[in-house]
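**Student:** Would you be able to build a 3D model of this:
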Amino acid sequence: MNMKKLKYVAILALILAFVSCSDDDDDGKNCKSCERDGVALSICDNGNGTAQLTIGTGDEQTRDIPEGTSFEAFADGVCAGTL
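**Tutor:** Numbering: from 1, shown residues only. The predicted model follows:
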């Protein structure tokens, strides 16, 4: 293999290494963001029947997801102001 081809193979290997090692920003959590009454909300499923709400600039609350309610329905209700 000549040096030019070897150089391209090395560059390709570096590119693939960086792409395959990308980090998830949400740490694998199922989250939904919305705005209600002009305030930004972020709702993340904790995976244990509770959800973490981040309100505005960082006020956090842990809320129970009602029995029989999916996280998606809960998050939609919080964003709509019905929960």
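**Student:** pLDDT weak spots in the protein?
**Tutor:** Low-confidence segments of the chain (pLDDT under 70): 1, 8, 14, 16-28.
**Student:** Where do the strands of it begin and end?
**Tutor:** Assigned by DSSP state E, the strands in the chain fall at 30-36, 39-45, 50-55, 59-64.
**Student:** Tell me which of the ones you listed lies nearest to Val78.
**Tutor:** Set against Val78 and scored by CB to CB, these come closest in strand 39-45, at 5.6 Å. C-beta coordinates here come from the backbone N, C-alpha and C atoms, glycine included.
**Student:** Could you give me the buried positions within that closest one?
**Tutor:** Leu41, Ser42, Ile43, Cys44, Asp45 (16 or more other CB atoms under 10 Å).
**Student:** Gln52 is in contact with the fourth one, correct?
**Tutor:** Yes - at 4.7 Å, Cys44 counts as touching Gln52 under the criterion of CB atoms under 8 Å.
**Student:** how about Thr69, phi and psi?
**Tutor:** phi -100, psi 130 (degrees, to the nearest 10).
**Student:** picking up where we left off before, reformat the strands of the chain as a markdown table; add distance to Ala10.
**Tutor:** What follows is those, written out as a markdown table (distance: least, CB to CB, whole Å):
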| stretch | distance to Ala10 |
| --- | --- |
| strand 30-36 | 38 |
| strand 39-45 | 40 |
| strand 50-55 | 43 |
| strand 59-64 | 46 |
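**Student:** so which of those gets nearest Thr82?
**Tutor:** Distance to Thr82, taken as CB to CB, is lowest for strand 30-36 among the strands of the chain, at 10.6 Å.
**Student:** Next up, the contacts around Glu72.
**Tutor:** The contact partners of Glu72, by CB atoms under 8 Å, 6 or more residues apart in numbering, come to Lys32.
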